[in-house]
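Chemist: how would this look folded up:
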Amino acid sequence: MKLKALLAAATAAAALTAGAAAAEQVKIGIAAEPYPPFSSLDSSGNWVGWEIEVINAVCAAAELDCVITPVAWDGIIPSLTGQQIDAIMASMSITEERLKTIDFSDPYYNTPAVIVADKAMDIDATPDSLAGKIVGIQASTIHQAYAQAYFTGAELKVYQTQDEANQDLFAGRIDATQADSIAMADFVNSANGGCCEIKGAVADDPAILGRGVGAGVRKGDTDLLEALNKGVAAILADGTHEKITAKYFTTSIY
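Modeler: Numbers count the residues shown, from 1 in each chain. Have a look, this model is predicted:
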């Protein structure tokens with residue numbers, strides 16, 4: 001009887017352990033800085049936006065118990081490699097440079113990079129046109145890498161957040177900024193952004209600008225990578241991605 005009791009206790013303990021493992025939360029890192037319409041805090045302090053809805057949909061489709069975990073953008077990859085978070089879903093482009101450090105899921109959106117400036121400024125998105133101008137860019141982004149490679153004749157001013165660059169553009173302290181087209185469309189349609197317009201998309205350079213936005217995971221975390229790929233594929237196939245996108249944008253961003 002004692003042996004049976006011990007075996008039963010061991011079986012119950014194993015079941016509890018397995019249940020705890022299955023219920024383990026996956027910490028999805030997002031940028032702590034607002035990035036509308038992809039992610040921002042509402043009046044109740046909840047994270048909302050297109051990317052937040054996509055994260056929730058991907059996790060549901062992949063049967064993952066995910067928790068949104070805000071992290072400062074310039075420390076988000078160290079937070080992943082240091083195991084403070086389990087994945088990054090923060091509009092992070094898939095680039096060769098980042099692939100040296102982390103792995104990425106399949107892309108879940110892809111939009112061009114654009115130049116935005118005051119409506120009165122006669123400039124476009126070319127290096128020659130921006131020569132001698134002050135161009136604001138967010139630190140540790142593909143836009144900083146691109147501007148440093150191509151806009152060598154411009155003065156580059158680096159900001160910790162894109163919102164800070166946008167504020168300086170509105171105030172006239174910089175001449176232009178480079179950022180994602182969707183995020184900047186949201187800005188130019190805002191009260192502060194009414195001063196400005198999108199001047200055009202920069203010339204594509206996949207080596208710097210990447211091949212779309214994916215979920216970043218630690219090297220070797222194949223189980224989570226496969227689960228996220230499953231989730232991305234599922235919401236694209238069943239129309240969930242399209243339904244979420246239609247709430248925020250008038251055209252596809254995939």
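Chemist: state the distance from the most centrally placed residue in the chain to Gly194.
Modeler: Relative to the mean C-alpha position of the chain, the nearest C-alpha, by C-alpha atoms, centre = their mean, is the one of Ser91, at 1.5 Å. In this structure, Ser91 and Gly194 are separated by 24 Å, where distance is defined by C-beta to C-beta, to the nearest Å. The way it works is simple: take the backbone N, C-alpha and C, and place the C-beta from them, glycine included.
Chemist: kindly report the same for Thr95.
Modeler: Relative to Gly194, Thr95 is positioned 33 Å away (criterion: C-beta to C-beta).
Chemist: higher neighbour count, the two?
Modeler: For Thr95 and Gly194, the more surrounded residue by other C-beta atoms under 10 Å is Thr95, and the numbers stand at 17 against 12.
Chemist: close enough to count as contact, that one and Val213?
Modeler: No: between Thr95 and Val213 there is no contact, the gap being 10.6 Å when judged by C-beta atoms under 8 Å.
Chemist: isn't Tyr108 up against Ala215?
Modeler: Yes: the pair Tyr108 and Ala215 passes the contact test of C-beta under 8 Å, sitting 7.3 Å apart.
Chemist: with neighbour numbers in mind, choose between those two.
Modeler: In this comparison of Tyr108 against Ala215, neighbours counted by other C-beta under 10 Å, the higher total goes to Ala215 at 30 against 26.
Chemist: which pLDDT value goes with the closest residue to that one other than its chain neighbours?
Modeler: If you skip the residues right next to it in sequence, Ala215 has Ser105 as its closest partner in space, 4.1 Å away by C-beta to C-beta, 6 or more residues apart in numbering. Ser105 is assigned 98 on the pLDDT scale.
Chemist: cool, Thr11 as well?
Modeler: Each residue has a pLDDT score; the one for Thr11 is 45.
Chemist: name the helices or strands packed onto the strand or helix carrying Leu228?
Modeler: Leu228 is part of helix 222-237 when elements are defined by DSSP states H and E. Secondary structure elements in contact with helix 222-237, counted by 3 or more C-beta pairs under 8 Å, 6 or more residues apart in numbering; DSSP states H and E, are helix 50-61, strand 216-218, helix 240-248.
Chemist: let's have those in TSV, adding mean pLDDT, distance to Val232 and mean neighbour count.
Modeler: Below are the helices and strands packed on helix 222-237 laid out as TSV (pLDDT from 0 to 100; distance: least, C-beta to C-beta, whole Å; neighbours: other C-beta atoms under 10 Å):
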stretch	mean pLDDT	distance to Val232	mean neighbour count
helix 50-61	98	6	21
strand 216-218	98	12	23
helix 240-248	96	8	15
